[in-house]
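Peer 1: Let me see the structure of the following:
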Amino acid sequence: MNPGALEGLRFWKRMSKSVRRRIVFLIVADILLFTVIASRPDANIRDEASRVLPNVAPTVLAGLGMTGIICCGSIDLSVGAILGLSGTMFGILYERGFSPAICFAACFATSFIVSAYNGLLVRALQLPSIIVTLAGLAFYRGAALILADVGAKRFSEQFTVIENAYHTPGEHYAGVVLLMVLAIALGWEFFGKSTRRWLALGSSEMACRLSGLRPDRILLQAFVIGGLFLGLASLLDVTNHSVLKPAQLGLGFELNVIAAVVLGDRKSTRLNSSHITI
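Peer 2: Take a look at the predicted model:
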């Protein structure tokens, strides 16, 4: 057996029985669901997947990034507002005639930079992340509206993106991006040390300090890496919409992301609500 498969088997054995049962249940349920869909006379698996993946991928990708933050005992409540701010930047550049590549880069970079900025604020101010990001939820949403009024020409509460080239990532490559990121995340889980450090910080900050680790750096790393995942999620979500409304884009997104992480299985991260810094 090759080393990768052996490590994967060890990782599977390290999971609790409840987690393994849930994973098996979800896999079997998904297979049955696709079987039912495929059995219909007018079924087209490719068309079904093309409609589902663009809607599911942003939540899954942002959830992967949020997992590291929650494992550290923190949380980011501003991911929906950050997505709205990223979509606003995308819309402004589109209205000003910038190329699709620049619009995509700006959308991704906005989410990444703002998420990393949240980590820096938490580290610098020494405040609980729930307070910092709760303030950011309102601040980033307001900043998006101000930027739209100032930066866009003849802004009328929304941006209408007509050209198909600006929808390429979200409409055509959502499934590919999701699968690639999932593969990278699994490899990181098998061979990386970051996830163990995040769990260690979430379990006991004092134990981390006594072990020679830097809790502030570990938490900042979680926010930075979360920003990478959130950047991809924002890019796929924004480019999957023809109409971008800064006041509504990303509303409730943070609830879906947090629910996807926390309700998955508390035992898988060995955390509960008391570990989240409030």
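Peer 1: only C-alpha atoms for contact and neighbour calcs from this point on.
Peer 2: Noted.
Peer 1: and Leu235, what helix or strand is that in?
Peer 2: helix 215-238 (DSSP states H and E).
Peer 1: After that helix, heading C-terminal, what element do we hit next?
Peer 2: strand 243-244.
Peer 1: Pairing partners for that next one, with directions?
Peer 2: Here strand 243-244 is paired, per DSSP bridges, with strand 159-160 (antiparallel).
Peer 1: tell me the mean pLDDT over the partner strand?
Peer 2: For strand 159-160, the mean pLDDT works out to 89.
Peer 1: Show me what the helix holding Leu235 packs onto, helices and strands only.
Peer 2: Contacts defined by 3 or more CA pairs under 8 Å, 6 or more residues apart in numbering; DSSP states H and E place helix 215-238 against helix 45-71, helix 79-95, helix 100-125, helix 168-172, helix 194-203, helix 205-210.
Peer 1: in the longest one, what's buried?
Peer 2: Neighbour counts over helix 45-71 (16 or more other CA atoms under 10 Å) mark 50, 53-71 as buried.
Peer 1: farthest residue from the center of this structure?
Peer 2: In the chain, Pro41 marks the outermost C-alpha relative to the chain mean, sitting 36.0 Å out by CA atoms, centre = their mean.
Peer 1: Just confirm that residue is within a helix.
Peer 2: No: under DSSP: H, G, I helix; E, B strand; the rest coil, Pro41 sits outside any helix and is assigned coil.
Peer 1: quick one on the thing from earlier: tell me the angle of the helix holding Leu235 relative to helix 79-95?
Peer 2: Interaxial angle, helix 215-238 versus helix 79-95 (axes from the mean of the first three to the mean of the last three CA atoms, to 10 degrees): 50 degrees.
Peer 1: what's around Cys107, how many residues?
Peer 2: 30 (other CA atoms under 10 Å).
Peer 1: what do you get for Ser211?
Peer 2: Considering only other CA under 10 Å, Ser211 is surrounded by 9 other residues.
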